[in-house]
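Student: I need the structure of the sequence given here:
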Amino acid sequence: MYANSLVELDRAHLIHPVASWRGHEKAGVRLLASAKGATVTDATGRTLVDGFSGLWCVNAGYGHESIVEAASRQMRELPYATGYFGLGSEPAVRLAAALAERSPGDLNHVYFTLGGSDAIDSCVRFIRYYFNAKGEPDRDQFISLEQGYHGSSTVGAGLTALPAFHQGFGLPFPWQHKIASHYPYRNPAGTDDATVIATSVAALRTKVAEIGPERVAAFFAEPIQGSGGVIVPPRGWMKAMRDTCSQLGILFVADEVITGFGRTGPLFACAEDDVVPDLLTVAKGLTSGYVPMGAVFLTDHVYDTIADGAGRSAVGHGFTYSAHPVSAAVGLEVLRLYEEGGLLENGRVMGARLMDGLNSLRDHPLVGDVRGRGMLAAIELVTDKEMKTPLPAAADPSRRIFDRAWDNGLVVRAFAQGAIGYAPPLCCTPEEIDAIVDKTRRVLDLTLEDADVRAAMRQVSRYAV
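Tutor: The predicted structure is shown next:
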């Protein structure tokens, strides 16, 4: 009765993010009751392997008492401190210094936000201020990638290039532009690395020329496109795009909200391509999702330009909860667990095991592509491997595959195009990684039995004849 009453209260009052409101009212909420390590338990007592770390964020895993204690201790000592009026708190100062020390290159200046979306908004505001301070106010145009995700705030959702975040919201804005995703599996120019990279570089140069070289301010890119379907660029793609931005005189923003903090192996994915962006955004793994927090890193030249441009005037951007001491205390302890607690190293080992396991599914009739890096991966389902034919829309992959995985004790991300996304906690054991793979194979086998999927495969077969 307790759980049932909560379901009804949820239907009546709680608005869920990125959901069909009427559809959710009909289906009802799945209540989670507890979690430990890489598993979650629902209100009925069923335990599931969380193959998606909540929402790409519980990198450290659930139930770390040291994180709880860090938050509790800080709440007792100083539960809040504003960053306004020149005030601050020790945890925020120490976290900013620790992050700057570990960040690529000269990303030495850290502005704390509440999460990833407002980190992106902060980036846009800082970039606009930067070019005004440089005496180039006409540089007010921004470019991002199709199938990219940069949050769901008004500004960030416009940089995001997924239709659901635009429809009904009057987005994107005219100053927000897109170029095609690298998407190696479906790149029309070809799938080899050199071609994919050259095509993206050419597309960026063409778009800048179309807009006007003196108008473009910045280019935003994720090291791996997350919500677009875990789309992994070739090695060297980030470096090539960063170098192109430098040549064109535009700022390069790396959105590491998903990829940061061990998700792909190192603390920052940019390090894998030897890239130092002008600005870098993080969130999610920063606190392992235990409390809200995000951040924007600024290089010395961006920070100095803004600071010199403002002079003695205030830079008019701030949030009430920026550099929140409790969030910062959690961030410091999570960072310690990544490094001293061995989570980064375990993530590297388990990431290799995950990729090996998912690659073992390539022989399945529905698996068209397996891609990933570290503990961030996807398989893309098709009804014809040669033609790369997606699952039919009638199969409703995002709902049906998620439901089927859930029923089989696994939490994944199911994308509308038929891809299944994985982002398990870095604390996973070999047995939990193997369970993710085994349960996925079961989901694939059950999906292969669906009448609409089999009909689509027969249809493709007839065309092939």
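
Student: so after the helix or strand hosting K26, what's the next helix or strand?
Tutor: According to DSSP states H and E, K26 maps onto helix 21-27. Next along the chain after helix 21-27, taking DSSP H and E as the criterion, comes strand 32-36.

Student: ok now that next one, how far from the chain's centre?
Tutor: 23 Å (CA atoms, centre = their mean, to the nearest Å).

Student: Might you list the low-confidence residue ranges for the stretch 101-250 of the chain?
Tutor: Along the stretch 101-250 of the chain, the model assigns pLDDT under 70 to no residue.

Student: Contact partners for V382?
Tutor: Residues near V382 by CB atoms under 8 Å, 6 or more residues apart in numbering: 366-369, 388-391, 418. Yep, even glycine has a C-beta here, placed from its N, CA and C like the rest.

Student: And it, how close does it get to N187?
Tutor: Noted for V382: a distance of 16 Å to N187, by CB to CB, to the nearest Å.

Student: Quick one: end-to-end length of stretch 163-174, please.
Tutor: Across stretch 163-174, the terminal residues are separated by 16 Å (CA to CA, to the nearest Å).

Student: Buried residues of it, list them for me.
Tutor: 165, 171-172 (16 or more other CB atoms under 10 Å).

Student: Check stretch 24-32 too.
Tutor: Buried positions in stretch 24-32, judged by neighbour count with 16+ other CB under 10 Å: V29.

Student: quick revisit: go through the contacts of V382 and name the one nearest A71.
Tutor: Closest approach between the contacts of V382 and A71, by CB to CB: G418, at 39.4 Å.

Student: Report how many residues lie close to that closest one.
Tutor: When counting by other CB atoms under 10 Å, one arrives at 25 neighbours for G418.

Student: distance of it from G249?
Tutor: Distance from G418 to G249, by CB to CB: 40 Å.

Student: Same check on W175?
Tutor: Applying CB to CB to W175 and G249 gives a distance of 18 Å.

Student: same deal with Y290?
Tutor: Per CB to CB, Y290 is found 40 Å from G249.

Student: more neighbours, those two?
Tutor: Shown here are Y290 and G249; by other CB under 10 Å, Y290 has more neighbours (21 against 13).

Student: That one is in what secondary structure piece?
Tutor: Y290 belongs to no helix or strand, assigned by DSSP H and E.

Student: same for whatever helix or strand E345 lives in, what does it pack against?
Tutor: Using DSSP H and E, E345 falls within helix 343-359. When contacts are defined as 3 or more CB pairs under 8 Å, 6 or more residues apart in numbering; DSSP states H and E, helix 343-359 packs onto strand 367-372, strand 377-384, helix 430-448.

Student: which residues are in contact with it?
Tutor: Applying CB under 8 Å, 6+ apart, the contact partners of helix 343-359 are 59-61, 262-267, 337-338, 370, 372-377, 379, 422, 424, 426-430, 433-434, 436-437, 440.

Student: Show residues contacting stretch 390-406.
Tutor: Against stretch 390-406 from outside (CB under 8 Å, 6+ apart): 30, 48, 51, 366, 381-383, 411-418, 420, 439-440, 443, 446-447, 450, 452-453, 455-456.

Student: Any quick PyMOL command for the buried ones out of those?
Tutor: This is how PyMOL selects the buried members of the contacts of stretch 390-406, with burial counted by 16+ other CB under 10 Å:
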select buried, resi 48+51+366+381+382+383+411+412+413+414+415+416+417+418+420+439+440+443+446+447+450+453+456
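
Student: how many other residues sit next to V296?
Tutor: 25.

Student: which ones are touching it?
Tutor: For V296, the contact set (CB under 8 Å, 6+ apart) comprises 110-111, 113, 119, 122-123, 126, 279-281.

Student: For it, report the pLDDT, please.
Tutor: Per-residue confidence (pLDDT) for V296: 98.

Student: If anything else comes up later, I'll come back, but that's it for now.
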